[in-house]
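Trainee: With the input below, show me the fold.
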Amino acid sequence: MDLIISNASGDPIYTQITNQIKAMILEGTLKEGEALPSMRNLALQLRISVITTKRAYEELERDGFIESYTGKGSFVKAQNPALFREEQLKAIETLLTEAAEKAQRSGISKEEMIEILDLVYGGDEP
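Mentor: Below is the predicted model of the structure:
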């Protein structure tokens with residue numbers, strides 16, 4: 001599992017790990033039942049504290065992406081399609097909020113933004 005940690009990122013390391021693993025699960029790179037590296041192995045691989053990987057795994061488990069079993073490890077949990085859709089909607093909403101704020105600061109109208117979205121989304125296609 002290839003994770004990239006950036007010291008320049010504004011996000012804490014555990015959040016970077018959590019977001020990347022979530023993305024791998026949602027994209028299907030990590031499949032249901034697949035084992036994740038142990039917290040210790042991941043910490044060694046990324047050269048970070050085990051406490052950081054523990055926090056990331058706890059977040060993933062709390063959010064319903066993985067299951068952890070004492071003595072066995074952590075595994076990708078079966079994904080609920082509604083959960084997947086909600087995660088995607090949340091991510092899109094965040095990006096669109098950022099775009100709308102930038103547009104407002106730049107004096108771009110809502111109509112222009114809708115036109116841009118139509119072009120980016122694929123024109124007149126449904």
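Trainee: Show me what the helix or strand hosting Thr94 is packed up against.
Mentor: Taking DSSP states H and E as the criterion, the element that holds Thr94 is helix 81-106. Contact analysis of helix 81-106 by 3 or more C-beta pairs under 8 Å, 6 or more residues apart in numbering; DSSP states H and E lists helix 13-27, helix 110-121 as its packing neighbours. Where C-beta positions appear, they are placed from N, C-alpha and C, glycine not excepted.
Trainee: Quick one: distance of it to the chain centre.
Mentor: Taking the mean of its C-alpha atoms, helix 81-106 sits 13 Å from the chain's own mean (C-alpha atoms, centre = their mean, to the nearest Å).
Trainee: returning to what we had before: point out the one among the helices and strands packed on helix 81-106 that comes closest to Glu86.
Mentor: helix 13-27 (10.9 Å; C-beta to C-beta).
Trainee: how many degrees apart are that closest one and helix 81-106 in direction?
Mentor: Relative orientation of helix 13-27 versus helix 81-106 (axes from the mean of the first three to the mean of the last three C-alpha atoms, to 10 degrees): 120 degrees.
Trainee: need the next SSE after helix 13-27, C-terminal direction.
Mentor: Next along the chain after helix 13-27, taking DSSP H and E as the criterion, comes helix 39-46.
Trainee: before we move on, the earlier item: same question for the helix holding Thr94, mean pLDDT?
Mentor: In this model, helix 81-106 has an average pLDDT of 88.
Trainee: If we go by neighbour counts, what in that helix is buried?
Mentor: Buried residues in helix 81-106, counting neighbours by 16 or more other C-beta atoms under 10 Å, are found at Glu87.
Trainee: Sounds good, over and out.
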